[in-house]
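**Student:** This is a predicted model, with the sequence first.
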Amino acid sequence: MSRVFVDADACPVKAEALRVAERHGAEVMYVANGGLRPVEHPLARMVYVPEGPDEADKWIAERAGPGDVVVTADIPLAAKCVAAGAAVLNHTGEPFTQANIGQKLATRDLMADLRAADPFRQGGGRAFSKADRARFLDALECALRAAAR
């Protein structure tokens, strides 16, 4: 049976992940440092890791593998999970794959360098939209179908 690992601290699609996973009978593990409201569902499991940088990421990376789906916006975590054979999606449904993870890591590092060089650099990503939510639902459905094969 597939498992869905959700890097849950700032994930806007927690409920959607459970809704799709339920159709496939997949267990969903919400991994966070705390502060999440418990989810009462037989397929949902709340995993609270110790406080500290990247503790949730470490927990997920140690367990995710082939047949699993990981939902995260954290690119280094995505790279570890892709290397372990898991399917990885961000919250807009964009997949992280062997083919694109190197470019994603390089872009992340470049942007970190640009922000460090210009402390007044403002801005961020665009707002999360209904279209993003719909793309995520479709991508997770496809990922869980593929994992079942």
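**Tutor:** Done, it's in.
**Student:** what's the spacing between Ala73 and Phe136?
**Tutor:** Plainly put, Ala73 is 11 Å away from Phe136 if you go by Cβ to Cβ, to the nearest Å. Every C-beta, even on glycine, is put in place using the N, C-alpha and C of the backbone.
**Student:** Show me where the protein has its helices.
**Tutor:** Taking DSSP state H as the test, the helices found in the chain are 14-24, 55-63, 75-83, 101-117, 130-148.
**Student:** angle of the first one against helix 130-148?
**Tutor:** I take that to be helix 14-24. If you take axes from the mean of the first three to the mean of the last three Cα atoms, to 10 degrees, helix 14-24 sits at 30 degrees to helix 130-148.
**Student:** pull the CA atoms of helix 14-24 into PDB?
**Tutor:** What follows is helix 14-24 as a C-alpha-only set of coordinates in PDB (Å, rounded to 0.1, in the frame of the first residue of the first chain):
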ATOM      1  CA  LYS A  14      -3.300  18.900   3.800                       C
ATOM      2  CA  ALA A  15      -7.000  18.200   3.500                       C
ATOM      3  CA  GLU A  16      -6.800  17.600  -0.300                       C
ATOM      4  CA  ALA A  17      -4.000  15.100   0.200                       C
ATOM      5  CA  LEU A  18      -6.200  13.100   2.600                       C
ATOM      6  CA  ARG A  19      -9.200  13.300   0.300                       C
ATOM      7  CA  VAL A  20      -7.200  11.800  -2.700                       C
ATOM      8  CA  ALA A  21      -5.400   9.300  -0.600                       C
ATOM      9  CA  GLU A  22      -8.600   8.000   0.900                       C
ATOM     10  CA  ARG A  23      -9.800   7.000  -2.600                       C
ATOM     11  CA  HIS A  24      -6.700   4.800  -2.900                       C
END
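**Student:** ok, back up a step: neighbour count winner among Ala73 and Phe136?
**Tutor:** Phe136 (23 against 17; other Cβ atoms under 10 Å).
**Student:** Surely the more buried one and His91 touch.
**Tutor:** Yes - contact criterion Cβ atoms under 8 Å: Phe136 and His91 qualify, at 5.9 Å.
**Student:** By mean pLDDT, flag the weakest helix or strand of the protein.
**Tutor:** Every helix and strand in the chain was compared by mean pLDDT, DSSP states H and E; the lowest is helix 101-117, with a mean of 69.
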